[in-house]
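Student: below are the sequence and a predicted model; questions follow.
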Amino acid sequence: MGAQLRLVACVLGIYATFLTWSLVYEPLTTREWPNSQAKFQAPCIVALVQAAVAAITGYLYLQRESTNYTTGEFLRTNWRDLLAISFTQSVSSPLATHSLQYVDFLTYMLAKSCKLIPILAVHLMLYHTKISNDKKVVAVAVTFGVVLFNLGSRKPVSKSSHHETSFITGFLPLALSLLLDGFTNATQDTLLKRNKASKDQKPITGGHLMLGLNLCIVIWNLLYLAVLDPNQALKTKTMITQDPLIAYYLLTYAVCGALGQICIFYTLQEYGSLVLVMVTVTRKMFSMILSILVYGHHVSKLQWLGICIVFGGITSEAVLKRQAASKTKSE
């Protein structure tokens, strides 16, 4: 299969798996299940199941890669970085899931599409990376788009401040989740750059990262459930007993996420981050549109304007990166 056909296969794989992933995730975490009469609020269980399936899939994926960097050697060499990155991922996911109790799914999806902002913030504050003016303009545009979207969703409320309190309660953990995502991405970039710059270390592949990070996420979530919140596992068992369909949604969500990660890591490894950014940006846009069509969300004109500004800004950033890379190669 040629390089272009492989890229098309990767793009279709990312779209198919993550569009299904988002359609399954929304009802799994936001609907009230009929028999248990409650929402499935078990973020660590969701993260644990997805990471376990992804770790197994990552191991099988790594076995098919032609690399002399064994799994044990990779884990022994990079365990500190893997634990740090996976810890922020493990904390970020439950925070984002918790926010869905207070903000709607479209706000959640749009916010999670704005990882550029926290990544820039972490690079500036932690790694003191120089940021170009183009990226700063895009960050401001994306922030403005998110603000417009949220303003468009506000409804007149009575004198009670319950609505405002609920929105703030939901948006704060979502914002913290984004900041942790920024740390995760920036630190992962630093790990890969350090690995490429070192002549002594063997190259890290997508399969290494997929297996190592998901394995550590499993460990973190098991520790949390065992030490801090054992009731979450018991509640999950009770709800799945009453509503077995939850297990089907949960497993489908995990399998889609694992298969999607293979497509993402392969695209990153073979075609670079610029191509991957373009694919993931459009995928998130289609996920939102599909959610609107399937679940009948009402979107105001102001919210549509906010969505267009956000994705326009992120797409512009990807195009600018591609142009800069092409210019560098030509020189």
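Tutor: Perfect, thanks for sending it.

Student: so what's Phe149 closest to, chain neighbours aside?
Tutor: Spatial nearest neighbour of Phe149, excluding adjacent residues (CB to CB, 6 or more residues apart in numbering): Gly306 at 3.2 Å. To be clear about C-beta, it is placed using only N, CA and C from the backbone, and glycine gets the same treatment.

Student: isn't Leu192 right next to Ile204, touching?
Tutor: Yes - shown here, Leu192 and Ile204 form a contact pair, counting by CB atoms under 8 Å, at 6.4 Å.

Student: quick one: which of these two has more around it?
Tutor: Neighbour totals were compared for Leu192 and Ile204, and Ile204 leads with 20 against 15 (other CB atoms under 10 Å).

Student: who touches the more buried one in this structure?
Tutor: Contact partners of Ile204, counting by CB atoms under 8 Å, 6 or more residues apart in numbering, are Tyr69, Phe74, Asn78, Leu191, Leu192, Asn195.

Student: now with 6 Å, please.
Tutor: Residues counted as contacts of Ile204 (CB atoms under 6 Å, 6 or more residues apart in numbering) are Asn195.

Student: what does Thr70 give?
Tutor: Going by CB under 6 Å, 6+ apart, Thr70 touches no other residue.

Student: gap between it and Ala139?
Tutor: To Ala139, Thr70 is 40 Å away according to CB to CB, to the nearest Å.

Student: just checking, what's the longest helix in this protein?
Tutor: helix 162-197 (DSSP state H).

Student: buried sites along that one?
Tutor: Buried residues in helix 162-197, counted by 16 or more other CB atoms under 10 Å: 167, 170-171, 173-174, 176-191, 195.

Student: quick check: closest non-adjacent residue to Thr238.
Tutor: Nearest residue to Thr238, sequence neighbours excluded (CB to CB, 6+ apart): Ser36, at 7.3 Å.

Student: show me what whichever strand or helix holds Leu19 is packed against.
Tutor: Leu19 is part of helix 3-30, with elements assigned from DSSP states H and E. Under the contact criterion of 3 or more CB pairs under 6 Å, 6 or more residues apart in numbering; DSSP states H and E, helix 3-30 touches helix 245-271, helix 273-295.

Student: the helix or strand following that helix pairs with which strands, parallel or anti?
Tutor: Scanning forward in sequence from helix 3-30 by DSSP H and E, the next helix or strand is strand 32-33. Strand 32-33 has its sheet partners listed here by DSSP bridges as strand 38-39 (antiparallel).

Student: pLDDT of the next helix or strand after the strand it pairs with, averaged?
Tutor: Sequence order places helix 43-64 as the next helix or strand after strand 38-39, per DSSP H and E. The predicted model assigns helix 43-64 a mean pLDDT of 90.
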